[in-house]
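Participant: 3D, please:
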Amino acid sequence: WTPHALVGTAIHAGIAAWLRGQDDHTALQATHQALSDGFVEQETWSLLSLSKLVEKGYCALRDAIQERWGTALHPLYVEQADPFQDPRISRGRLYRVVDFARWQSEYSVEVWDWKTKINLDDMYLGEALRSMTHSWQLLDYSFHVQQWAGHPVTQAGHGLVVLGPGKPKVHWPTVQLTPERLEQWRAQAAVVWQQMWWQETGKAPTPMNFEACSDRHLHFGKECLFVAGCHQLCGNQTVYSSLYKRRKEP
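Facilitator: The predicted structure follows:
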């Protein structure tokens, strides 16, 4: 057992209470309750030390949200569970819970998912942020929020809380979206999920190599050779000219 996931869960519980209009005292109670519910006694972390860490994370994310949106939060959903959850999945296991969705305008919506890292050195920060800007989780949430709300999702992102080293910081990796892009993603996802199901059941050969890079790394832990063109630019070919020049004919 490690506390990493639990610390994030506790911070998010407090932020959800605060976004629903509760005061800081009540929100902090929610963080401590979530932490106590999942805590396992072990030698490395005490409940008290984790409580202090969670409070720091909660305050950092709360302040960052206030700095970003002020009092104009315009909430649409807070910790919204999928109302159309697949009945084949146990009701005790919610596989799609949207942390926060807000009205960007009268006709468009933003989707936000909170992430927490107990420790992330600056040398790895850029890679972590790049990987989040093409997160399938964000695209999945955005696709479904668009269906639930009946309005387009134009932006999605993570509020990434980094607790150390040093003072806690919050980063906002974001991605701009259109209904067309989400429909394209959904069509691609359906193909990939079918291939995964084929692989699990042995129904048909799988043309995709799931050990190779589908997000940010090649297999065996090697960094993807195409990170600059494929990932960092998120497939936007219009800006490729900044990295590549057309080859001259001999």
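Participant: how about residue 124, secondary structure?
Facilitator: The assignment at residue 124 comes out as helix when based on DSSP: H, G, I helix; E, B strand; the rest coil.
Participant: identify the residues contacting the strand or helix carrying residue 7?
Facilitator: Following DSSP states H and E, one finds residue 7 within helix 4-19. Outside helix 4-19, the residues within contact range by Cβ atoms under 8 Å, 6 or more residues apart in numbering are 24, 26-35, 38-39, 50, 53-54, 57-58, 61-62, 65, 73, 75, 78-79, 99-100, 114-118, 161, 163. Where you see a C-beta, it was placed from the backbone N, CA and C, and this is true even at glycine.
Participant: just stretch 61-70 next, same as before
Facilitator: By Cβ under 8 Å, 6+ apart, stretch 61-70 touches 11, 14-15, 18-19, 24, 27, 73, 102, 114, 159, 161, 170, 172.
Participant: tell me where the chain has helices.
Facilitator: Ranges of helices in the chain, per DSSP state H, are 4-19, 24-38, 47-69, 122-132, 136-149, 179-201.
Participant: now, of the contacts of helix 4-19, which are buried?
Facilitator: 27-28, 30-32, 34-35, 39, 50, 53-54, 57-58, 61-62, 65, 73, 78-79, 99-100, 114-118, 161, 163 (16 or more other Cβ atoms under 10 Å).
Participant: CSV for the contacts of stretch 61-70, including distance to residue 203?
Facilitator: Output for the contacts of stretch 61-70, formatted as CSV (distance: Cβ to Cβ, whole Å):
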residue, distance to residue 203
11, 42
14, 45
15, 42
18, 47
19, 44
24, 53
27, 48
73, 47
102, 42
114, 37
159, 40
161, 42
170, 44
172, 42
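Participant: show me which pair in the residues you listed is furthest apart.
Facilitator: Greatest spatial distance in the contacts of stretch 61-70: 24 and 172, 22.1 Å, computed using Cβ to Cβ.
Participant: now find how far off-centre stretch 190-203 is within its chain.
Facilitator: 24 Å (Cα atoms, centre = their mean, to the nearest Å).
Participant: please apply the same query to stretch 24-38.
Facilitator: Stretch 24-38 has its C-alpha centroid displaced from the chain centroid by 22 Å (Cα atoms, centre = their mean).
Participant: what is the mean pLDDT for that stretch?
Facilitator: Average pLDDT, stretch 24-38: 96.
Participant: what's it in contact with?
Facilitator: Residues external to stretch 24-38 that are found in contact with it (Cβ under 8 Å, 6+ apart): 6-7, 9-11, 13-18, 22, 47, 50-51, 54-55, 58, 62.
Participant: related to what we said a few turns ago, would you mark the buried spots in the helix holding residue 7?
Facilitator: Under 16+ other Cβ under 10 Å, the buried positions of helix 4-19 are 6-19.
Participant: can you tell me the average pLDDT over it?
Facilitator: Averaged over helix 4-19, pLDDT sits at 96.
Participant: now that helix against helix 47-69, angle please.
Facilitator: 50 degrees (axes from the mean of the first three to the mean of the last three Cα atoms, to 10 degrees).
Participant: kindly export helix 4-19 (C-alpha atoms) in CSV.
Facilitator: The C-alpha coordinates for helix 4-19 follow below in CSV (Å, rounded to 0.1, in the frame of the first residue of the first chain):
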residue,chain,number,x,y,z
HIS,A,4,-0.2,8.4,-3.5
ALA,A,5,-3.6,7.7,-4.9
LEU,A,6,-5.2,8.3,-1.5
VAL,A,7,-3.7,11.7,-1.1
GLY,A,8,-5.2,12.7,-4.4
THR,A,9,-8.6,11.3,-3.5
ALA,A,10,-8.6,13.2,-0.2
ILE,A,11,-7.6,16.5,-1.8
HIS,A,12,-10.3,16.0,-4.5
ALA,A,13,-12.9,15.3,-1.9
GLY,A,14,-12.2,18.6,-0.2
ILE,A,15,-12.2,20.5,-3.4
ALA,A,16,-15.5,19.0,-4.4
ALA,A,17,-17.1,20.1,-1.1
TRP,A,18,-15.7,23.6,-1.6
LEU,A,19,-17.0,23.8,-5.2
